[in-house]
Every structure is written in structure tokens, then in C-alpha cells.
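Just the structure for this:
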Amino acid sequence: MLEVLKLNAEWLQELLKLEELKTFAVLHGCLKLGLFEFLEKPRSAEEISKEVKLSHRAAKAVCRFLSSKGLLIEEGGKYRISEISKVFLSRRSPFSIAEVFEEKREEIEFWLNLENTMKGENLRREADFFKRRIRVLGKIALLKDLKFVFKIASLEEFRKAKRLLDLGGGHGLYAYAFTLLNEELIADVFDLPEVVNSAKDFLKPFNAQRVNFVEGDFFRDELGENYDIVFSSFNPGGKRAELIPKISRALKKGGIYVNRQYFPADGFGIEDLEWNLWGFERLKKASKAYTFEGDLGLGEYISKLEDNGFKVFEVFSKGYTAILARKL
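Numbering: from 1, shown residues only. Below you'll find the model as predicted:
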């Protein structure tokens, strides 16, 4: 017993707390019940209990908990959704992240059934995977990436730009955001045909007038030409040397290349483990998270950019690494 008391097991204690998982379960359950749509108008706990089919005690407790998180507003014994819930949790909103919660639920099931997952090859077809994920990635981008978008928009070259290529741009929300920040800008989103078809439907509610979609495979096809900016965010070719000449050909002289990627960190963490539990049919993964066979390290990639006529003028890290380079 004395030896057990000497062990440092604090990380195991943290693991067993589960508070975040419990909060996720509350929100996921309320989304499935349609509670946020129901509470677009003020309702009492009695009305919620009757219409949403909850016990009165549970209805009142859930509403009090959601109110403590700023997701509901209580007025005179009735509850209604707050502005943040109206934007992000009501399915009537084009910004609803309900799909994000559903994917996270599937992710939890994946991990809870790991004993079976580890036995199979678990291959996924690239086009199907990215087609399904673009909606979720788009909604996550709305929550996480506004500061990055504004940083790029602050560049003098961006303010003067007329044409932008979003390489492997999927959902198209980055391209749309850039057109909102530059009224003269036209943005092309380049991605696989299956992805483009889904992305067009996803972007419809936003009425994106100056966003076009281009079908292609950037590993095989040319990317176009005469672009002022090429923007690439976490796409699987973003660390490959063979794409750099194509990107150079797509840019005007003096054009800007923005590439945001995850470069491998030291050690072997939970994301690295997850990366090795499934694979793509065509793209061959390396052992570190978000890397593929043939990917370059950060220093190697910057050297290849310089070899192909780019001048890297900024590199910064925020969990990810962003490389900003100018075509000379």
C-alpha cells in the first residue's frame, strides 16, 4: 500500500473527472430533442416538460444548467435561447454546429470501441471522407479561425488583391470570408469533384456572390494562373515538394502564398495514436499525426519554397504553423 501512495497518478485522476463529456452529453441531448428551436420563444419548465417530453424535474434542471452557461435566458419563470444559442445551436441558423456535435458523438463511440477498431485495417476513401467532413470543418472554422482570417486580411497585398485561390478549400467559408473583407476580390475554391458538389450546397445559405468552385485533383491537375493569393489550410498536399512549382505557376509575380499546416511535434501523443488507427485508400499516412508519406519537415519545406523562387517573410505558430511567402 505504501508503494501505491508514492505513485504520481494525478493525470489518471483528471481523466476520471468527465465534466466536459457530461456537458457535451447535455448539449447533444438537447440538440436531438430540438430544445433550442422550441425555446426560440419563452417557455416555462411545464411547457418544456409537456412538449419536449421530459420530466418536469429534468426540464427545470436542464434549463437552469444551460442558463448558467449563458445558453438560455430566464425571465419571469420562462426560458428562451440566448443570442449565441440562436446563432450556433438552433438548427434554423445557417451557422448551426449541430453537425459538429454529431461527429463528436461518433468520435466518442470510435474510442469507446477501440478494442474492435484496432483489429481491422479501417480504410476510408478520400473523396467520401472529405465530402462528409466539409460541413463540420466549415462550422468549426466559424468558431476557431476568425483571428487567422483577419490576420491574412490585414496584409497590404490582400487589400490590393483581385483574385484568390483557396487550394483544397472544401467548404468555401474561408474564401467567402475573404470576399467579405475585400469587396474587389473574386475567390476560387479548388477541390475534388465530390467535395465541390457538397460545398456548393453548404455555401448556398450564405449567398456568396464572388466565390467560384473549380473541380480538380491538385496532385494531378494544374491550378490555374494569375492569382494574387494562394491560400492553403490544412490540406493534405500542404507539405509536399511536388506541389510547390504548381503553386508558383498559379501565382502572379509578387503574389502571396499562405500555407497553414501541422508539422510534427516531439513525442507520441493521443493524436498520433488516433492517426494510426485508420487510413486512406490512396494517401499513405506517416506515423505522426496529420502527416503523409513524402511530407517535408518545416525547415525542408521552407528551403523548397526558396528553391522555387519564393521569399518566406513570416512564419508563426499557434498550435499550427502558418507560412507566408512571396513569389519573387
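
Okay, the nearest residue to Pro205 once chain neighbours are set aside and Cys30: tell me how far apart.
The spatially closest residue to Pro205, leaving aside those adjacent along the chain, is Pro94, at 3.8 Å (Cβ to Cβ, 6 or more residues apart in numbering). The C-beta positions use only the backbone N, C-alpha and C, and glycine is treated the same way. Using Cβ to Cβ, to the nearest Å, one gets 20 Å for the distance from Pro94 to Cys30.

and if you look at Leu180?
31 Å.

before we move on, back to that, okay, Pro94 and Cys30: which has more neighbours?
Cys30 (24 against 13; other Cβ atoms under 10 Å).

doesn't Tyr227 make contact with Leu251?
Yes. Assessed by Cβ atoms under 8 Å, Leu251 is found in contact with Tyr227 at 5.5 Å.

how does this protein divide up, domain by domain?
Using automatic domain parsing, the domain ranges for the chain come out as 2-92, 123-327.

nearest to Leu112, of those?
Among the domains of the chain, domain 2-92 comes nearest to Leu112, with 10.8 Å by Cβ to Cβ.

what distance separates the closest one from the centre of its chain?
24 Å (Cα atoms, centre = their mean, to the nearest Å).

Also stretch 148-162?
On Cα atoms, centre = their mean, the centre of stretch 148-162 falls 21 Å from the chain's centre.

Same question for that stretch: list its buried residues.
Neighbour-count burial for stretch 148-162, counted by 16 or more other Cβ atoms under 10 Å, picks out Phe148, Val149, Lys151, Ile152, Ala153, Leu155, Phe158, Ala161.

The residue nearest the centre of the chain in helix, strand or coil?
Taking Cα atoms, centre = their mean, the centroid of the chain lies closest to Leu137, which sits 3.4 Å from it. Of the three states, Leu137 takes helix under DSSP: H, G, I helix; E, B strand; the rest coil.

so what pLDDT did it get?
The score at Leu137 is 76. That number is its pLDDT.

Can you show me the helices along the stretch 1-150 of the chain?
Using DSSP state H, counting those that start in this stretch, the helices of the stretch 1-150 of the chain run over 2-6, 10-15, 19-33, 35-38, 45-52, 56-68, 83-88, 98-112, 114-117, 126-144, 146-153.

mean confidence for the fourth one?
Per-residue confidence for helix 35-38 averages out to 95 on the pLDDT scale.

do stretch 279-291 as well
Per-residue scores along stretch 279-291 average to 87.

buried stuff in that stretch?
Here stretch 279-291 shows Lys285, Lys288, Ala289, Tyr290, Thr291 as buried, counting by 16+ other Cβ under 10 Å.

ok now it, how far from the chain's centre?
Going by Cα atoms, centre = their mean, where stretch 279-291 is centred and where its chain is centred differ by 18 Å.

Identify the residues contacting it?
Stretch 279-291 is contacted from outside by 121-126, 129, 234, 236, 239, 261-262, 264-265, 268-269, 271-272, 274-276, 292-295, using Cβ atoms under 8 Å, 6 or more residues apart in numbering.

Extract the CA atoms of it and return them as CSV.
Taking C-alpha atoms only, stretch 279-291 is exported to CSV below (Å, rounded to 0.1, in the frame of the first residue of the first chain):
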residue,chain,number,x,y,z
GLY,A,279,-6.0,5.1,-43.1
PHE,A,280,-7.0,6.3,-46.6
GLU,A,281,-7.2,4.1,-49.7
ARG,A,282,-4.7,6.3,-51.7
LEU,A,283,-3.0,8.7,-49.4
LYS,A,284,-0.4,6.9,-47.4
LYS,A,285,-0.1,8.2,-43.8
ALA,A,286,3.2,8.6,-41.9
SER,A,287,3.3,7.7,-38.3
LYS,A,288,2.9,11.2,-36.8
ALA,A,289,-0.4,13.0,-36.7
TYR,A,290,-1.5,14.9,-39.8
THR,A,291,1.5,13.8,-41.9
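
quick check: longest strand of the protein.
The longest strand of the chain (DSSP state E) is strand 251-261.

Now do that one: everything it contacts.
Outside strand 251-261, the residues touching it (Cβ under 8 Å, 6+ apart) are 148, 152, 155, 157-158, 161, 226-234, 238-239, 247, 290, 305, 310, 320-328.

Neighbouring strands of that strand in the sheet, and parallel or not?
strand 227-233 (parallel), strand 321-327 (antiparallel) (DSSP bridges).

just these: most buried one?
Stretch with highest mean neighbour count among the strands paired with strand 251-261: strand 227-233 (a mean of 23; mean count of other Cβ atoms under 10 Å).

Let me know the angle separating that strand from helix 126-144.
90 degrees (axes from the mean of the first three to the mean of the last three Cα atoms, to 10 degrees).

So what touches strand 227-233?
152, 157-158, 160-169, 174-175, 178, 188, 223, 238, 247, 250-252, 255-260.
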